[in-house]
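# how would this look folded up:
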Amino acid sequence: IRDGTVTGVQTCALPICMNGVGQLIQTFLPLVLEEQPANLSFEDPLNESWLYPEMSDATTQMTGVNRAWQYMAFSTRDPEVWVAVIDGGFCLDNNGSPCVDQAGRLNTDFPTYQQYDFNDDDYNASGDSLTDYGSGPCPDHGSETSSIAVAAQNNRYGIAGVGSPVARPMLFKSAVGFDDTARAIKTAVKWGAKIINMSWSIRCGWYCAFFQGFSGYMDFKLALIYANSWDVLTVAAAGNSGKDLSDEYVVPCQLYLEGRGPLCVGALDQNSRARASFSNWGWKGTVPGVGGVGIWAPGTNVRVGPHRHASGNHGTNGTSIAAPFVAGAAALAWGVAPNKTAQDIRNLMLSTLRPPLNNEVAPGSIDVLRMVTAAGPPLEDALGSHSGPGSAAQVPVSGFHHLTVLPHEDDYFEYVAPTYLQSARFTAT
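Got it, this is the predicted structure:
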């Protein structure tokens with residue numbers, strides 16, 4: 001059985017051989033999720049790949065988020081991995097409580113969260129976004145980015161964020177200036193965040209390159225170094241200017257600090273592993289991903305949850321969406337491997353990338369399933385080791401025997417039929 005598919009059965013040497021073949025019925029338990037209720041139906045991001053191609057292992061991007069969620073259901077995991085979202089425009093009311101969306105429904109996608117406003121200096125991150133993110137007003141930007149990373153799973157509301165089984169949000173409102181962002185980063189570290197997502201970019205220009213103390217820039221760099229020193233993974237959007245970053249200086253994407261800068265994320269086109277036309281790409285120097293885009297993730301027409309100005313789930317675009325996709329994936333890996341370091345998680349993510357289609361999308365695109373299963377413990381079969389023909393697991397003649405079939409591996413099973421009329425059928429859960 002290879003990657004969840006029976007690839008062949010070697011039968012006996014008799015002139016008339018066994019008349020049945022192994023049949024794989026399913027590779028994981030058949031889980032179903034119910035998200036945003038429509039008038040007649042629920043959305044299921046686990047199984048409805050036509051609505052959520054970015055979550056599926058069966059579509060062009062092959063992120064495998066759906067299968068990673070199923071793997072998480074099998075595994076012992078850390079119940080909470082805190083993800084700080086430094087942004088603005090969260091779905092909160094004037095008291096900092098979950099808002100009512102445009103359809104009049106209470107937003108229940110963040111049952112547990114922390115918040116702070118670094119512009120007004122209070123524990124209430126409500127209100128519109130304080131920046132236009134380069135494409136005009138985007139009052140609910142933070143609602144959309146945070147929902148991709150951490151929105152609660154299977155609560156009949158909104159969507160399920162990539163990190164939904166374990167990720168919990170810190171909602172940090174910022175005008176994304178260097179000074180308040182530096183404070184937000186240091187606060188996230190003190191509050192216990194493992195991941196910091198920054199879905200914004202600034203084309204910093206010559207004054208950042210030559211006058212590094214300008215307008216809080218050095219404080220910002222020192223805050224990122226501080227986060228690194230406390231084993232926090234930082235993730236940043238590559239930007240939506242459609243530029244080759246070998247000729248640009250975009251922060252925080254291109255900061256390279258003491259051997260490790262933020263993980264910079266580019267956006268893929270819809271249901272494709274090609275670059276979205278708006279996404280920045282490239283890097284400085286000769287090492288792919290260093291000083292530029294280091295990973296690619298879905299970022300075009302990706303479904304996000306409802307908010308104050310949207311009555312239902314809807315598609316949106318941007319590297320601002322691709323970045324929290326990666327942040328949520330990192331939370332999954334940390335959930336099954338809580339003792340790993342930020343560098344371990346980063347290395348896992350980068351070592352399991354899908355190969356790039358071309359140089360524009362180098363080093364490659366995220367494979368959430370491969371990353372999470374590499375991070376977590378193996379699922380053991382009751383029938384023992386069967387990694388090669390010589391160690392094929394003996395399947396008893398009678399009865400059903402439940403076998404664990406992991407993605408991305410070859411499994412070998414041996415079935416001996418007493419007569420050539422007897423057939424074999426495999427079911428794996």
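
# count of neighbours near the nearest residue to residue 123 once chain neighbours are set aside?
Leaving aside its sequence neighbours, residue 123 sits nearest to residue 116 (CB to CB, 6 or more residues apart in numbering; 5.7 Å). Using the backbone N, CA and C atoms, a C-beta is placed for each residue, glycine as well. Counted with other CB atoms under 10 Å, residues neighbouring residue 116 total 22.

# so which elements touch the host helix or strand of residue 116?
Here residue 116, judged by DSSP states H and E, is contained in strand 114-117. Other helices and strands packing on strand 114-117, by 3 or more CB pairs under 8 Å, 6 or more residues apart in numbering; DSSP states H and E, are strand 167-173.

# that older thread, now do the contacts for the residue nearest to residue 123.
122, 123, 125, 170, 171, 172, 173, 184, 187 (CB atoms under 8 Å, 6 or more residues apart in numbering).

# quick one on the thing from earlier: and the strand holding residue 116, average pLDDT?
Across strand 114-117, pLDDT averages out at 96.

# just confirm residue 83 is within a helix.
No: assessed by DSSP: H, G, I helix; E, B strand; the rest coil, residue 83 does not belong to a helix; its assignment is strand.

# bridged to the residue nearest to it when sequence neighbours are not counted, which residues?
Excluding the flanking residues, the one nearest residue 83 by CB to CB, 6+ apart is residue 195, at 4.6 Å. Here residue 195 sits in beta bridges with residue 83, residue 233, going by DSSP bridges.

# now for residue 195: which residues touch it?
Residues near residue 195 by CB under 8 Å, 6+ apart: 81, 82, 83, 84, 232, 233, 234, 235, 327, 330, 331, 334.

# pLDDT below threshold where in the protein?
By pLDDT under 70, the weakly predicted segments of the chain are 1-30, 38-40, 132-136, 205-215, 257-259, 286-289, 378-429.

# now the helices for the protein?
65-74, 141-150, 178-190, 206-210, 217-229, 319-336, 342-351, 368-375 (DSSP state H).

# so which of these gets nearest residue 165?
Evaluated over the helices of the chain, closeness to residue 165 peaks at helix 65-74, with 4.6 Å, by CB to CB.

# packing partners of that closest one?
Against helix 65-74 (3+ CB pairs under 8 Å, 6+ apart) you get helix 319-336, helix 368-375.

# quick one: the last one to helix 342-351, angle?
This means helix 368-375. Following axes from the mean of the first three to the mean of the last three CA atoms, to 10 degrees, one obtains 130 degrees for the angle between helix 368-375 and helix 342-351.

# name the residue closest to the centre of the chain, please.
residue 329 (2.9 Å; CA atoms, centre = their mean).

# which non-adjacent residue is nearest it?
Closest residue in space to residue 329, ignoring its immediate chain neighbours: residue 368 at 4.6 Å, by CB to CB, 6+ apart.

# then residue 332?
Nearest non-adjacent residue to residue 332, counting by CB to CB, 6+ apart: residue 372, 5.0 Å away.

# OK, contacts around that neighbour?
Shown in contact with residue 372 (CB under 8 Å, 6+ apart): 68, 71, 72, 329, 332, 333, 336.

# do the same with residue 352
Counting by CB under 8 Å, 6+ apart, residue 352 touches 367, 370, 371, 374.

# between which two of those residues is the distance greatest?
The span of the contacts of residue 352, defined through CB to CB, is set by 367 and 374 at 9.5 Å.

# neighbour-wise, which of those two wins?
The neighbour count for residue 367 versus residue 374, taken as other CB under 10 Å, is higher for residue 367 (24 against 17).

# and the gap between the more buried one and residue 154?
Per CB to CB, to the nearest Å, residue 367 is found 24 Å from residue 154.

# how many neighbouring residues does residue 83 have?
Per other CB under 10 Å, the neighbour tally for residue 83 reads 29.

# contacting residues for it?
Shown in contact with residue 83 (CB under 8 Å, 6+ apart): 149-150, 163, 167-170, 193-197, 324, 327-328, 331.

# before we move on, back to that, which of the helices and strands packed on helix 65-74 sits most buried?
By mean neighbour count, with neighbours taken as mean count of other CB atoms under 10 Å, helix 319-336 ranks first of these at a mean of 30.

# between it and strand 167-173, how big is the angle?
Using the same axes, to 10 degrees: helix 319-336 against strand 167-173 is 140 degrees.

# can I get helix 319-336 in PDB, CA atoms only?
Only the C-alpha atoms of helix 319-336 are listed here, as PDB (Å, rounded to 0.1, in the frame of the first residue of the first chain):
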ATOM      1  CA  THR A 319       0.300  37.400   1.100                       C
ATOM      2  CA  SER A 320      -1.500  38.600   4.200                       C
ATOM      3  CA  ILE A 321      -3.500  35.400   3.900                       C
ATOM      4  CA  ALA A 322      -0.600  33.100   3.000                       C
ATOM      5  CA  ALA A 323       1.400  34.100   6.100                       C
ATOM      6  CA  PRO A 324      -1.200  33.000   8.700                       C
ATOM      7  CA  PHE A 325      -1.700  29.800   6.700                       C
ATOM      8  CA  VAL A 326       1.900  29.000   7.500                       C
ATOM      9  CA  ALA A 327       1.500  30.200  11.100                       C
ATOM     10  CA  GLY A 328      -1.400  27.900  11.700                       C
ATOM     11  CA  ALA A 329       0.500  25.000  10.200                       C
ATOM     12  CA  ALA A 330       3.400  25.700  12.500                       C
ATOM     13  CA  ALA A 331       1.000  25.500  15.400                       C
ATOM     14  CA  LEU A 332      -0.100  22.000  14.300                       C
ATOM     15  CA  ALA A 333       3.500  20.800  14.200                       C
ATOM     16  CA  TRP A 334       4.200  22.300  17.600                       C
ATOM     17  CA  GLY A 335       1.000  20.800  18.900                       C
ATOM     18  CA  VAL A 336       2.200  17.200  18.300                       C
END
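
# got a list of what residue 44 touches?
Each residue near residue 44 by CB under 8 Å, 6+ apart is listed here: 32, 33, 34, 35, 51.
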